[in-house]
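*Asks:* sequence below, structure please.
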Amino acid sequence: MKLSKRERALLWTVFLMALWLMFYRFYMEPILIQLDGCEEEIREIQSRMERISSRKSGEQEALSPEEAGQGQLFYRNLTAGDMDRILRELAVASQIELLSFETGETSPMGTAGFYQTPVKLEFRCAGLNQWSDLAERIGSRGLGLQVKEVSLWEEETKDGAAGGRKGTMTVMFCHENE
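*Replies:* Below is the predicted model:
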């Protein structure tokens, strides 16, 4: 079967269109999708930079909970005094009595410009629910706090009967200021 010139031209046109479509579908489309993602990231970084440059020195920058959930600190420039106050408020809300509050030595984190300070809490509580409630409250605040270690034991009264529980909790406080 012999094809006419017109049929051959149409067949070549269909072949070239199919070739172009495959090129676009398997090469260009993934690149364009990746480019859209990069543009979104650039817009997000620019908006963060504008917020940071427009804030006054010493002012706390409150990030949204969504941003805090992505590894960002909810308050970027809290001081150790602020952490003390916040941890005491969380302990009161969890019905825990803080016996001591000791701040450790600040050290640099793996991320440039960020530091971590361990805070060791010694506490007394009535039962297991209170200390787990405190740990949950610390984790859900998004404050750059992370519970690292918990030790818990039963407290004995003077007559040898079981009392409440005593324990220690080490919390890492992540911040920008050294």
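
*Asks:* now do the top strand by length along the chain: which elements does it pack against?
*Replies:* Using DSSP state E to define each element, the chain has its longest strand at strand 162-175. Counting contacts by 3 or more C-beta pairs under 8 Å, 6 or more residues apart in numbering; DSSP states H and E, strand 162-175 is packed against helix 80-93, strand 115-125, helix 128-140, strand 145-156. Any C-beta I mention is one placed from the backbone N, CA and C, and that applies to glycine too.

*Asks:* buried set for the second one?
*Replies:* Of the residues in strand 115-125, those buried under the neighbour-count criterion (16 or more other C-beta atoms under 10 Å) are 116-119, 121, 123-125.

*Asks:* identify, from these, the entry nearest to residue 104.
*Replies:* Proximity of those to residue 104 (C-beta to C-beta) peaks at residue 118, which lies at 3.7 Å.

*Asks:* for the closest one, give the beta-bridge partners.
*Replies:* Under the criterion DSSP bridges, residue 118 forms beta bridges with residue 172.

*Asks:* make 819 the starting number, not 1.
*Replies:* Understood, numbering begins at 819; the last thing we discussed is residue 936.

*Asks:* surely it is in contact with residue 989?
*Replies:* Yes - in this structure, residue 936 is within contact of residue 989 by C-beta atoms under 8 Å, at 7.3 Å.

*Asks:* shared neighbours of those two, anything?
*Replies:* Overlap of the contact sets of residue 936 and residue 989 (by C-beta atoms under 8 Å, 6 or more residues apart in numbering) consists of residue 966.

*Asks:* how distant is the helix ranked longest in the chain from the center of its chain?
*Replies:* When every helix of the chain is counted residue by residue (DSSP state H), the longest turns out to be helix 847-872. Chain-centre distance of helix 847-872: 19 Å, with C-alpha atoms, centre = their mean, to the nearest Å.

*Asks:* swap in stretch 954-967?
*Replies:* 10 Å.

*Asks:* lowest-confidence helix or strand of the chain?
*Replies:* helix 883-886 (a mean of 45; mean pLDDT, DSSP states H and E).
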